[in-house]
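Engineer: no sequence for this one, just the structure:
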DNA sequence: GGCCTTACTTGATCGAGGTCAATCGAAGCT
DNA sequence: AGCTTCGATTGACCTCGATCAAGTAAGGCC
């Protein structure tokens, strides 16, 4: 994991108002004094390390978590040691939204690399959002966004072929990294091929073969976890469905 | 469509407080005067008919819709006339939650049979939820529930085979109908085989074959849109993943 | 009633991608 | 360094479900 920088402890102590992720995870148009209030309920812990859990399936839901640096995967432990990867979470993204209703976590969240995570106790947050309309509004938007993202993913898994799935995944990473001010074309994947395959509903071997094929076709360069997207345009094309009329699953 | 009863106009005028769906779509523990307030912003229209749209992809988002009777499908119009079915919505279910963030509908909603639908203007609802903490709480729960349902669906499409998909679909219908006080084992499907297949990521032919197979195996009786589940137990087993160790997609 | 359109069913064939198996290479350990 | 382990890659083969192609039955309309 030497490709990932160590998180300085100082970084952890930065308040919401000065966090570089403020525009991502903070309500837009929130008054400064309200930011203070929100800041007051956020817990900041020491950096977590690869393999640490934010929570596990079955645990009582208490807090939402916001990734500050690093990355987290959520997964649903299936029968017999097998697991189902539900998502990968990058800085600025919120984890735990699916557990609000039942007040129990249906999935587990595991840190993929050394990461800084903010914890937001939900009951406190809910009280706060009661007295701050724009915070409530932002929360509605956040939840709604999660729904529409899941919907897109659903579409991907339901009808798209293996190529489109991997291309979509790579472009999603690219887009999300760019939004966070990082390189959109040159990055390290913090998850294994196995986890990618599991997430996309593909066998590890298929993921591996696709990486090789994409490289052969000049779409990207890949070396282990290091990926460089050299032809975003072509990847987009693969996704958008003009792949020279590829085996487009029935659909109708 | 003679199998579906016509909605009397009277039914439409019933206020939230006396609606049989109150326990489904109303906040639990909402004070009577608050129910009145909510009731005040809900619009009730004449019954809609098969093919009518609640909204179309691209339209500005203004309201959430609650199915009172009948059923609705949401779908995303894909390239070239093809569409992607995103979900089927039964009485008590809310439609439009995915559009809150962008304030634009990314999908269309079409009525599958004569249906009564309540319209809830979102901006008014949001104001109201600002002053009624338990309404806000219920809304958080509702949005969260949608997320966890999408997550389950995602799992289904990512890793499950055709049998499991159809079995899951049928059990989902069964469970939802039971919750609404209708028969869990004897019902009419308001959507076509084609729409079921599209929704589950399967070809029409596969859906048809599976219905036949399930019938042959004594799991259900099917005649056109009329379905009778005669062995819920066995269907559950198909879903849960103890199908005598069937071709369980890699997963790991 | 008879025609027509649309939905559903059933059979035959094909291919994307999963499974099995072997090899390779990198990171971690003593 | 040398050993071990786990992840990634590559090849051979096979299965599930898509696609193609009829054929059948039901509702709609004159």
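Structural biologist: Looks like it came in fine. The structure presented is a predicted model; accordingly, all values stated were derived computationally and were not measured.

Engineer: quick one: contacts of stretch A:114-123?
Structural biologist: A:1, A:4, A:6-7, A:11-12, A:41-45, A:47-50, A:54, A:61-72, A:96, A:100, A:111 (Cβ atoms under 8 Å, 6 or more residues apart in numbering or on different chains). Backbone N, C-alpha and C define where each C-beta goes, glycine included.

Engineer: which ones, among the residues you listed, also lie beside chain B?
Structural biologist: residue A:100 (Cβ under 8 Å from any Cβ of the partner chain).

Engineer: buried subset of the contacts of stretch A:114-123, written for ChimeraX?
Structural biologist: To isolate the buried ones among those in ChimeraX, judged by 16 or more other Cβ atoms under 10 Å in any protein chain shown, type:
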select /A:4,7,12,41,42,47,48,54,61,62,63,64,65,66,67,68,69,70,71,72,96,100,111
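
Engineer: in strands only, show me the contacts of stretch A:114-123.
Structural biologist: Among the contacts of stretch A:114-123, the members found in strands (DSSP state E) are A:43-44, A:54, A:63-69, A:72, A:111.

Engineer: between these, which is nearest DNA strand C?
Structural biologist: Proximity of the ones in strands among the contacts of stretch A:114-123 to DNA strand C, judged by Cβ to the nearest atom of the strand, is greatest for residue A:111, which lies at 15.3 Å.

Engineer: might you report the residue contacts of that closest one?
Structural biologist: A:48-54, A:70-72, A:117.

Engineer: again, but for residue A:62
Structural biologist: A:121-123.

Engineer: phi, psi for residue A:198 please.
Structural biologist: Torsion angles at residue A:198 (phi, psi; degrees, to the nearest 10) stand at phi -60, psi -50.

Engineer: so how many other residues sit close to the residue nearest to it when sequence neighbours are not counted?
Structural biologist: The spatial neighbour of residue A:198 that comes closest, neighbours along the chain excluded (Cβ to Cβ, 6 or more residues apart in numbering or on different chains), is residue A:85 at 4.4 Å. Applying other Cβ atoms under 10 Å in any protein chain shown, we find 23 residues neighbouring residue A:85.

Engineer: pLDDT at the residue in the stretch 1-150 of chain A that DNA strand D sits nearest to, what is it?
Structural biologist: Residue of the stretch 1-150 of chain A nearest DNA strand D, by Cβ to the nearest atom of the strand: residue A:51 (11.1 Å). We have a pLDDT of 93 for residue A:51.

Engineer: got the contact list for it?
Structural biologist: With Cβ under 8 Å, 6+ apart, residue A:51 has these contacts: A:110-111.

Engineer: if we can go back for a sec, select from the contacts of residue A:62 the one having the most neighbours.
Structural biologist: That'd be residue A:122 among the contacts of residue A:62, by other Cβ under 10 Å, with 20 neighbours.

Engineer: report the angle between whichever helix or strand residue A:85 is part of and strand A:63-69.
Structural biologist: Residue A:85 belongs to strand A:83-89 when elements are defined using DSSP states H and E. Put simply, strand A:83-89 runs at 60 degrees to strand A:63-69, going by axes from the mean of the first three to the mean of the last three Cα atoms, to 10 degrees.

Engineer: what packs against strand A:83-89?
Structural biologist: strand A:72-77, helix A:193-200, helix B:133-159 (3 or more Cβ pairs under 8 Å, 6 or more residues apart in numbering or on different chains; DSSP states H and E).

Engineer: the last one: which residues count as buried?
Structural biologist: Burial within helix B:133-159, assessed by neighbour count using 16+ other Cβ under 10 Å, is assigned to B:133, B:135-159.

Engineer: for the first one, same thing?
Structural biologist: Of the residues in strand A:72-77, those buried under the neighbour-count criterion (16+ other Cβ under 10 Å) are A:72-76.

Engineer: show the pLDDT at the closest residue to residue A:214 other than its chain neighbours.
Structural biologist: Nearest residue to residue A:214 in three dimensions, chain neighbours excluded: residue A:220, at 5.2 Å (Cβ to Cβ, 6+ apart). pLDDT for residue A:220: 96.
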